[in-house]
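Asks: Next one to model:
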Amino acid sequence: MSRPAPQGALWALLVGNFVIGTGVMVVPGTLNEISASLSVTVATAGQLITAAAAVMCIGAPLLAAAVAGWDRRQLLAITLLWYAAGHVLCALMPSFGALLPVRMLTVIAPAIFTPQAAACAGMLVPPEHRGRAVTFVFLGWSMASVLGLPIGALIGGHLGWRMAFMAIAALSVASATSIWLTLPSGIRPAALTAEAWLRVLRSPVLMGIVSVTALQGAGQFVLFSYFGPILKQSFGADATTLSVMWALFGVCGLIGNMVVSRYIDRVGAGRMVLITTVLIASSLLVWPLASTLAWLAVVLVPWGLGCFATNSAQQARLVGLAPALAPGSVALNSSGIYTGQAVGAALGGWLLANDAGAWMSWAGLGLVLIAISLSVAIDRSRAAQPENASA
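Replies: Sure thing, here's the model as predicted:
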């Protein structure tokens, strides 16, 4: 099998994650418009996030097993075409009740693409470059926050959420084409046996890392899911202002991910996770002090720097600890991300519905602090057993 230089394929995977990330985040970005258009409360509209995250959470490990034997070029391209079709159908739905199940079917694509792209990236480069390759591909999510999310919010605010969904469908088709043209054919990671899956599930280290990911996501999405409505209600932000704030958050996310991608192999994945999670916690700690949009922008900077970078570091942490188990562990880590989103969005919606919005940042901070504690405990446990070369 002849293969071209991997850089073009890595860029295609990065762009694919950009499209996937933009599609996942389009609901938080257009939550105000969806709520108004479909005549439901913000808390009800937010359950689109919870339901989609639940599908992605359950789907990531199950689908990883189902598609194990597929050629990754075919799999990833078809996944993006599914994403395109789903967004077109979502844009045509007349009511919230009709939109919800279609959205849940659409997000089968992220459940497949993100973990399989990470595992695929690890196979395209030598072992000593795996950490950097995985974090590079995950830069697509940061780029989605820099460009995709604010542009989607801007389109949604001025042209309606349906047009934002149609734009994502077009991007998905373009990305599928890029994957097909640049990714080498014949990439088929060895299917994990039942014994290998049991090794992942029984590993305290791997499952502990996945738990850290879930706690991080839950802590962030208590607030992140309802960022748009909070800015509108508390600060009077319009669609353009909201897009600017999303863009600021995204620029910080891109910078954070670029720094992690460059230094993770030198610093170590565990330390990078600690640094980035502490940044998130610091923003949640001072969130109640942000009394103006200007101060809120300052508060968002550490959070943005850590938000997407910590997910990249977690993916690289798993791949580095047990490369042979990466298809399973990375899929479960993606499941952890989406579990956190579901739990965080549900908790945030519950707090909003019960007039306890002031507690959202504190609830999120508590979950993130638990994540920090668990992550430190995992690293200390491994340090105390240096003979364990892998999970």
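Asks: alpha carbons only for contacts and neighbour counts from here, please
Replies: OK.
Asks: who does the host helix or strand of Leu62 touch, helix- and strand-wise?
Replies: Secondary structure from DSSP states H and E places Leu62 in helix 47-66. Applying 3 or more Cα pairs under 8 Å, 6 or more residues apart in numbering; DSSP states H and E, one finds that helix 47-66 contacts helix 6-29, helix 96-106, helix 108-123, helix 326-353.
Asks: Between those, which one is closest to Thr182.
Replies: helix 6-29 (5.1 Å; Cα to Cα).
Asks: picking that back up, let's have the helices and strands packed on helix 47-66 in CSV, adding distance to Gly86 and mean pLDDT.
Replies: Shown next, in CSV, are these (distance: least, Cα to Cα, whole Å; pLDDT from 0 to 100):
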stretch, distance to Gly86, mean pLDDT
helix 6-29, 10, 88
helix 96-106, 5, 95
helix 108-123, 9, 81
helix 326-353, 19, 82
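Asks: Between those, which one is closest to Gly366.
Replies: Smallest distance to Gly366 across these (Cα to Cα): 11.8 Å, for helix 326-353.
Asks: quick one: buried residues of that closest one?
Replies: Buried residues in helix 326-353, counted by 16 or more other Cα atoms under 10 Å: 326-352.
Asks: So the residue nearest to Ile275 when sequence neighbours are not counted versus Ala313, what's the distance?
Replies: The spatial neighbour of Ile275 that comes closest, neighbours along the chain excluded (Cα to Cα, 6 or more residues apart in numbering), is Gly306 at 7.8 Å. Plainly put, Gly306 is 10 Å away from Ala313 if you go by Cα to Cα, to the nearest Å.
Asks: How many residues are close by Pro184?
Replies: Neighbours of Pro184 under the rule other Cα atoms under 10 Å: 20.
Asks: if we can go back for a sec, for the helix holding Leu62, which positions count as buried?
Replies: By neighbour count on 16+ other Cα under 10 Å, the buried set for helix 47-66 is 47-65.
Asks: Stretch 224-236 too?
Replies: Neighbour counts over stretch 224-236 (16+ other Cα under 10 Å) mark 224-231 as buried.
Asks: From Ser375, how far out is Val210?
Replies: 10 Å.
Asks: about what we covered before: and the residue nearest to Ile275, what element?
Replies: Per DSSP H and E, Gly306 falls inside helix 293-321.
Asks: try Arg188
Replies: Going by DSSP H and E, Arg188 is not in any helix or strand.
Asks: OK, contacts around Ile378?
Replies: The contact partners of Ile378, taken as Cα atoms under 8 Å, 6 or more residues apart in numbering, are 205, 208-209.
Asks: TSV for those residues, including distance to Pro288, neighbour count and secondary structure?
Replies: Shown next, in TSV, are the contacts of Ile378 (distance: Cα to Cα, whole Å; neighbours: other Cα atoms under 10 Å; DSSP: H, G, I helix; E, B strand; the rest coil):
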residue	distance to Pro288	neighbour count	secondary structure
Val205	35	21	helix
Gly208	31	17	helix
Ile209	29	27	helix
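Asks: tell me, how many neighbours does Gly357 end up with?
Replies: For Gly357, the neighbour count with other Cα under 10 Å is 17.
Asks: who are the neighbours in contact with Leu183?
Replies: Counting by Cα under 8 Å, 6+ apart, Leu183 makes contact with 8-9, 12, 73.
Asks: try 6 Å this time
Replies: Neighbouring residues of Leu183 by Cα atoms under 6 Å, 6 or more residues apart in numbering: 9, 73.
Asks: any idea how far it is from Trp11?
Replies: Distance, Leu183 to Trp11, using Cα to Cα: 10 Å.
Asks: Great, nothing more from me.
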